[in-house]
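Q: Below is the sequence, then the predicted model.
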Amino acid sequence: MLNYDEFKRELLKRVRENAGEDMKVEIAAIQKNNGIQKEAIVFSDKEDNLQPVIYLDSIYSQYRAGTELSVCVGFTVGAAVLSWTLI
């Protein structure tokens with residue numbers, strides 16, 4: 001099992017491989033309204049101002065509970081794609 005830092009590096013690598021060439025994918029610290037800072041994967045492309053944000057803590061919790069890393073990657077990419085299709 002990967003520790004948190006290993007997990008986020010590997011998740012980012014695999015998400016980038018699956019997201020496509022036109023997609024910029026990075027990890028960023030996001031300041032929430034309640035003052036808490038969370039790490040997230042942020043997606044952006046050249047044509048859209050929408051930037052889906054997928055928080056890492058919930059995905060890592062699922063991974064630690066036994067979800068395969070490949071499923072975490074699929075969920076992360078799928079959630080970003082879904083956010084674009086709903087707009």
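A: Here it is on my side, so go on.
Q: Surely Ile54 forms part of a strand?
A: Yes. Using DSSP: H, G, I helix; E, B strand; the rest coil, the assignment for Ile54 is a strand.
Q: can you pull up the bridge partners for it?
A: Ile41 (DSSP bridges).
Q: buried ones in the helix-or-strand element of the chain with minimal mean pLDDT?
A: Ranked by mean pLDDT, DSSP states H and E, the weakest helix or strand in the chain is helix 69-85, scoring a mean of 86. Using 16 or more other C-beta atoms under 10 Å as the test for burial, helix 69-85 gives Cys72, Val73, Thr76, Val77, Ala80. Backbone N, C-alpha and C define where each C-beta goes, glycine included.
Q: could I get these as JSON lines with distance to Ile41?
A: Shown next, in JSON lines, are the buried residues of helix 69-85 (distance: C-beta to C-beta, whole Å):
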{"residue": "Cys72", "distance to Ile41": "10"}
{"residue": "Val73", "distance to Ile41": "10"}
{"residue": "Thr76", "distance to Ile41": "6"}
{"residue": "Val77", "distance to Ile41": "9"}
{"residue": "Ala80", "distance to Ile41": "8"}
